[in-house]
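**Student:** pasting the sequence and the predicted coordinates here, then a few questions.
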Amino acid sequence: MVWGDLMMDQRLESAVRRLCRDGAALAADGERAMALESYLEAWQLLPEPKDAPIAADVRAGIRGLVRGTAALERAAAVILREDAPRDLARA
């Protein structure tokens with residue numbers, strides 16, 4: 001699926017948004033591992049290339065959870081296919 005030409009399927013977008021909401025709620029409750037699992041599931045649902053606007057929401061959720069933990073920041077960079085951890089303060 002090419003994002004420039006086609007819109008994401010509504011059901012897929014709804015599922016990704018639900019997983020992001022779940023991740024945010026779990027993080028707010030201190031359930032970081034479960035929150036990360038929810039965000040990673042959302043990330044896996046996104047088709048390639050992962051450049052849809054909603055992908056930025058998923059990235060921000062993941063970055064927010066790993067902020068301040070160098071090993072997790074590096075792992076997130078690999079999962080998100082980034083060369084190096086970005087400035088996480090911007091997430």
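**Tutor:** Okay, I see it.
**Student:** so who does residue 45 touch?
**Tutor:** Shown in contact with residue 45 (CB atoms under 8 Å, 6 or more residues apart in numbering): 12, 15-16, 19. Quick note: C-beta positions are derived from backbone N, CA and C, even for glycine.
**Student:** one more time with 7 Å, if that's ok
**Tutor:** Going by CB atoms under 7 Å, 6 or more residues apart in numbering, residue 45 touches 12, 15-16.
**Student:** give me the phi and psi for residue 68.
**Tutor:** When read as degrees, to the nearest 10, the backbone of residue 68 gives phi 90, psi 0.
**Student:** what count of nearby residues applies to it?
**Tutor:** Around residue 68 there are 8 other residues, counting by other CB atoms under 10 Å.
**Student:** and which of the contacts of residue 45 is nearest residue 67?
**Tutor:** Closest to residue 67 out of those is residue 16 (21.4 Å), distances taken as CB to CB.
**Student:** didn't the closest one look like it was pressed against residue 42?
**Tutor:** Yes - between residue 16 and residue 42 there is a contact under CB atoms under 7 Å: 4.6 Å.
**Student:** which neighbours do the two share?
**Tutor:** Joint contacts of residue 16 and residue 42 (CB under 7 Å, 6+ apart) are residue 58.
**Student:** so for stretch 39-50, mean pLDDT?
**Tutor:** Here stretch 39-50 scores 90 as its mean pLDDT.
**Student:** what distance separates the opening and closing residues of it?
**Tutor:** 14 Å (CA to CA, to the nearest Å).
**Student:** residues of that stretch that come out buried?
**Tutor:** Neighbour counts over stretch 39-50 (16 or more other CB atoms under 10 Å) mark 39-43, 46, 50 as buried.
**Student:** hmm, which two among those residues are most spread apart?
**Tutor:** Maximum pairwise distance among the buried residues of stretch 39-50 (CB to CB): 13.8 Å, between 41 and 50.
**Student:** which helices and strands sit right next to the lengthiest helix in the chain?
**Tutor:** Secondary structure of the chain per DSSP state H: the longest helix is helix 10-28. Under the contact criterion of 3 or more CB pairs under 7 Å, 6 or more residues apart in numbering; DSSP states H and E, helix 10-28 touches helix 32-45, helix 53-66.
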